Structure formats: structure tokens, C-alpha cells
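>>> Got a predicted structure plus its sequence, pasted below:
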Amino acid sequence: MVIILNFGSQFAHLIARRVRDLGVKAEILPFDTPASEIQKHNPVGIILSGGPASVLEKGSPRPDKPIFKIGIPVLGICYGHQVMAQMLGGKVAKGKHREFGKENLAIKNKSGIFQTLSSKEVVWFSHGDQVSALPKGFKQTASTIGCKYAAFADLQNNFYGIQFHPEVTHTQHGEKLLKNFLFSICKAKKNWRINSVTENIVAEVKNEVGDRHVVVGISGGVDSLVAATLIHRTIGNRLHAVFVDTGLLRKGEVEQVASYLRKNGFRQLHVIDASPLFLKRLKGISDPEQKRKIIGHSFIEVFEKAIKNELKKHTIAYLAQGTIYPDRIESASTSKTVAKIKSHHNLTLPEKMGFKILEPIKDLYKDEVRRVGLTLGLPRELLWRHPFPGPGLAVRIVGEITEERLQILREADSVFIEELRKAGEYEKIWQAFAALLPVKVVGVMGDGRTYEYVIALRAVDSIDGMSADWHKIPNELLEKISSAIIGKVRGVNRVLYDITQKPPATIEYE
Ligand code: XMP
């Protein structure tokens, strides 16, 4: 495997994904992980990621210096390139001007990471500081007009530094460069394949759980579904799955997921219809934070009660969760990787009951979870669903939640999604849904005036939900969707398309 030291979470994740896509296992560790700890993983190479800090600031992050004595190749990218130069005796200075965006790189030495590349390459820069003097034993290997030491190398020790980002797609031959580092310099083996990943997880679960029982919560989402399917494949009906129907899920979601699981042999599937309880507790509540709290607490209460029921019949040792890799890796600033429990899974029960936590997909990225799902035979339709928030439709109905409003929203959302799927637009969009605005407006239908709700459609392009742009649905399709909603959904006489970016708007309405 290759270790990536995390100087900025977004950068580290992108590098790890690229490395894994090339077939090599990549693990992200905090930037200050002791060299002795890194050695325990037996890595073939180390990558120092980019990050938002400046090496010129006091107290900026540094790796453990003995990592340069382990005797394995090191690649420093952007911040990692500067920190390596500085720690090994070179100098870093504030650049005269910031380089940001595409730059032409002139390659002076086509060995090492630059083998098989051209003498001129387009690369992507984003930095203010730059290396101004090289450490002893290092040579300049590439430059740009504004940056003399855009790349350097100590070929003897296999240390490489690059000021630009090979992990972004704007760097034309970034993948080739990473390949050179992995296979030609680190001599990494190509053994991170999704089939073997699946087999390894199954073996690990078998080994860990033995003949004991496990309980898992199903949310309707991809992660819990894949985690549950993997465990079920391993231990069969010693897996007890609990699916809480809050009444706030999308149209047909509970039935679709539950019937899939039943058809695939889940005998211990307990679908709890808690919608009357949720509706009762949400009655008259329009404050978004209060809604969230009520939903969170009620969910835990119902879930725990269901588990206690199971405990009367079986001795259960584990609570399984669909935690995935990005959930666990915190930002570099805290320098600690911690296992975070997803907020809507934040139960008190594991401690009280002495449950151990089982997280079979904790090392996978979302796209890997989906590919594991495919190898397990899960249908694409369930695996490629857009993200859905824990509080469900409650954050898509502005104001009070009533059965009538839920019914209208579920229908409108379902028509919207169906039209997107039919037009082949659904998989181009990161997240799409309908929201209900709690105002009634005037319309005209036939000879009469109508006085009905407004539906807002939201469809966004995003990478991680942190920022988003509104998706440009073709006008003809928008028109079709609007007519279909008005035609099929009673109680709506106006459809709006939301053209706000995040920020300033959020993706959800509450
Ligand atoms: P916002 O609305 O904050 O959403 O721009 C960003 C992403 O997070 C999802 N989201 C949630 N997910 N519990 C969740 O599990 C929540 O309370 C929650 N609120 C928002 C949202 O769907 C989007 O993908």
C-alpha cells in the first residue's frame, strides 16, 4: 500500500482515490503520524498531500522527520513539496505572484516521475509560496515561467517534489505521473481490485463475528444497504436488520428496499412503521432545528426499542454501521483520525448493551461502495440513488409537516425523478428533489380559480455537497416535468425551478 499524509483533507482524499483507481491500496494518515507507526503498515511509498497552510507560518504542519530515513520513495505535492524541501535543508519563499490555474511546465529531466511524459506539459497550480533553494543532493527537474523549482528530485533516495497537482483532471498527464511514481519507482503491485476487496471484507467479517449475531439499521440509502448485504452474505440470518419507517421517506422507498431484501433471503428483517408517532410529534412544529431534534430523538427511541425486542430472542454482539472512508478521516488541522458515528446513527444503546461496532465498508469511498454493491448483485437503481438527508422529507417541507403535505411532496418528487430518469438526466445530477413551499397561490384551471401549493424543484451538481451549482436541465425537459407534476399531482398549481448556488443557499430547504 501507499501512505498519504494528510495536510488538507480534500487534497488527500482526491490523491487516495486516484491511487486506488490505479489499482493500489492507499491509506490516509494524519500528517504527524510517527515514522515507526507508518512502517507498521509496510508501505511501498509515501505521498505528502497539498494543504491550505503555508510552511512560512509558525506552527504549520510538519511530518515526522524520520520518514525520510525509512528508505522508501516519497512524493511531495504542493504543500508537501515545500515542506519536504524545507525540512531537508532547502528554502521556501513567498512567490512574487500567485500561480493559480493551468500553467505550462517545461520538463528538464525526463527520468523518475516524468518518464514517458513530453518536454512540455500542461499542469494545474494553486499556490502562493514556492521553493527558492534546493536541499543538498536535489536537482531541479521542471520549471514554469513563474516558478523555477516547479519540480525537483533526489534520484538517489527517490524523493520527488512537485509544486502542481497531478491528482486533478486539469493536469493533462497527472495519471501517467502517478503511475510512474507507483509502479516504476515504488514498485507497487496492482492488487486493489473491487472483487478482491469484497472477498477480503467478507473474510474479515467472518473472522471477527464468528458465530455471533449482529444488528444493523437500514436507512434506504446505499451505504447501509451494501453493509447489510455484505454481512448477510457472510453470516446469513444471524443478521437482524431494522428498518424504521419514519413516514418521511420517498415514495415507495420502504417497500422497494424491504421487498428487495426479503427476496434476497433476509429472514430477520424488521420493518417498523413508526410514521404515526413521527407525525404526532411533529404536529404544529415549524422550526427546522426543532424538527430535526424531534426526528433524531424519535428515531433513536424506535430503533432501540426494536433492538431490545430482538435481544429478548437472541444474544447480539455487534451493531453494524454503514460508515464509509470520508466519514472517518477528519481535516488535517486536528491531526487525528477518529471514528465518527453518523449523526442519525448516534445511539446510546451500543454502550449500554456492550455492543461492539462493526463497520465493514469503513475503508471504502462511495464509488467503491457502489462497485462492491454491483459485485454483490444489488440493482443499479438502488445503488445509484441520489443522497437523501437523515430527516428525510421533513427538511423539504418548509414549515409544518402534515399528512396532506407529505402526500403532495412524495408524489411531486416521484414524478420529477421519474421524468429525469426517462430523459437520461438522473445520473448526470448529483442530487435532485422536489420541495414544498407552505404558501397557497392563485391559479386557474378550466373555468375556476385554484388556490394551491407551490412546488420548488432542486437539482444540483456537486462533488461532496459542500458547495453546489444548479444543474442546467434542458428547457424542454423542465417544461415536460412541470406539466407532468401539474397534471398528476393534486394540490399543486405552480412549479418553480431553483437556480441558486450553494453558497449562499443550502441544498436542502431547511
Ligand atoms: P445542505 O442542505 O446543508 O446539504 O446544503 C448538504 C448535503 O447534506 C445532506 N443533508 C443531510 N444529511 N442529515 C443527513 O444525513 C441531515 O440532517 C442533512 N441535512 C442535509 C443534503 O441532502 C445534501 O446532500
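Arrived safely.

>>> and after the helix ranked longest in the chain, which helix or strand comes next?
The longest helix of the chain (DSSP state H) is helix 288-313. With elements assigned by DSSP states H and E, the helix or strand that comes after helix 288-313 is strand 316-320.

>>> Could you list every helix and strand in contact with that following strand?
Using 3 or more Cβ pairs under 8 Å, 6 or more residues apart in numbering; DSSP states H and E, the elements in contact with strand 316-320 are strand 213-218, helix 222-235, helix 288-313, helix 349-353, strand 356-358. Placement of C-beta: from N, CA and C, glycine included.

>>> next helix or strand past it?
In N-to-C order, the element after strand 316-320 by DSSP H and E is helix 325-328.

>>> same question for that next one, mean pLDDT?
Averaged across helix 325-328, pLDDT comes to 84.

>>> is the ligand contacted by it?
No - for helix 325-328, no contact with the ligand is found by Cβ under 6 Å from any ligand atom; the gap never falls below 10.8 Å.

>>> Up against the ligand, what does this structure have?
Selection of the chain residues close to the ligand by Cβ under 6 Å from any ligand atom yields 292, 344, 387, 389-391, 395, 431, 465, 502, 506-508.

>>> ok so, going back, so what's the gap between the longest helix of the chain and the chain middle?
Mean-position distance between helix 288-313 and its chain equals 25 Å (Cα atoms, centre = their mean, to the nearest Å).

>>> Counting by contacts, list what that helix packs against.
Packing partners of helix 288-313 (3+ Cβ pairs under 8 Å, 6+ apart): strand 213-218, strand 239-245, strand 269-273, helix 275-282, strand 316-320, helix 349-353.

>>> One more pass at 6 Å, please.
Counting contacts by 3 or more Cβ pairs under 6 Å, 6 or more residues apart in numbering; DSSP states H and E, helix 288-313 packs against strand 239-245, strand 269-273, helix 275-282.

>>> now those in JSON lines, with distance to residue 476, mean neighbour count and mean pLDDT?
Shown next, in JSON lines, are the helices and strands packed on helix 288-313 (distance: least, Cβ to Cβ, whole Å; neighbours: other Cβ atoms under 10 Å; pLDDT from 0 to 100):
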{"stretch": "strand 239-245", "distance to residue 476": "37", "mean neighbour count": "24", "mean pLDDT": "97"}
{"stretch": "strand 269-273", "distance to residue 476": "40", "mean neighbour count": "17", "mean pLDDT": "97"}
{"stretch": "helix 275-282", "distance to residue 476": "37", "mean neighbour count": "16", "mean pLDDT": "98"}
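
>>> among those, which is nearest residue 457?
helix 275-282 (23.9 Å; Cβ to Cβ).

>>> Could you check the angle the closest one makes with strand 239-245?
50 degrees (axes from the mean of the first three to the mean of the last three Cα atoms, to 10 degrees).

>>> What helices and strands are in contact with helix 275-282?
Other helices and strands packing on helix 275-282, by 3+ Cβ pairs under 6 Å, 6+ apart, are helix 288-313.

>>> how far off strand 269-273 does the helix it packs on point, in degrees?
Going by the same axes, to 10 degrees, helix 288-313 is angled at 140 degrees with respect to strand 269-273.

>>> Give the buried residues for helix 288-313.
Within helix 288-313, the residues that qualify as buried are 288, 291-292, 294-295, 298-300, 302-304, 306-307, 310-311, counting by 16 or more other Cβ atoms under 10 Å.

>>> Local confidence estimate at the residue of the stretch 151-300 of the chain found nearest the ligand?
Residue nearest to the ligand within the stretch 151-300 of the chain: residue 292 (6.0 Å; Cβ to the nearest ligand atom). At residue 292, the pLDDT value in this model is 94.

>>> For it, which non-adjacent residue is closest in space?
Using Cβ to Cβ, 6 or more residues apart in numbering and skipping residues adjacent in sequence, the residue nearest residue 292 is residue 391, 5.3 Å away.

>>> any idea how far that neighbour lies from residue 485?
23 Å (Cβ to Cβ, to the nearest Å).

>>> How is the chain partitioned into domains?
If you go by automatic domain parsing, the domain ranges for the chain are 2-185, 194-383, 396-498.

>>> Quick one: end-to-end distance for the first one.
Counting by Cα to Cα, to the nearest Å, the length from the leading to the trailing residue of domain 2-185 is 12 Å.

>>> what do you get for the second one?
Domain 194-383 stretches 15 Å from its first residue to its last (Cα to Cα).

>>> Which secondary structure element is home to residue 406?
Here residue 406 is assigned to helix 403-422, by DSSP H and E.

>>> ok, and what's touching the following helix or strand past that helix?
Later in the chain than helix 403-422, the nearest helix or strand by DSSP H and E is strand 431-445. With contact meaning Cβ atoms under 6 Å, 6 or more residues apart in numbering, strand 431-445 is reached by 386-387, 396-399, 405, 409, 412-413, 416, 420, 450-460, 493-494, 509.

>>> Now do the buried residues in strand 431-445.
431, 432, 433, 434, 435, 436, 437.

>>> Show the subsequent helix or strand relative to it.
Downstream of strand 431-445, the next assigned helix or strand under DSSP H and E is strand 448-462.

>>> and that next one, which strands flank it?
Taking DSSP bridges as the criterion, strand 448-462 forms sheet pairs with strand 431-445 (antiparallel), strand 468-470 (antiparallel), strand 492-497 (parallel).

>>> Distance from the chain centre to the shortest one, please.
For strand 468-470, the distance from its own C-alpha centre to the chain's C-alpha centre is 17 Å (Cα atoms, centre = their mean).

>>> can you give me the mean pLDDT across the helix or strand just after it?
Using DSSP H and E, the next helix or strand after strand 468-470 towards the C-terminus is helix 475-488. What helix 475-488 shows for mean pLDDT is 98.
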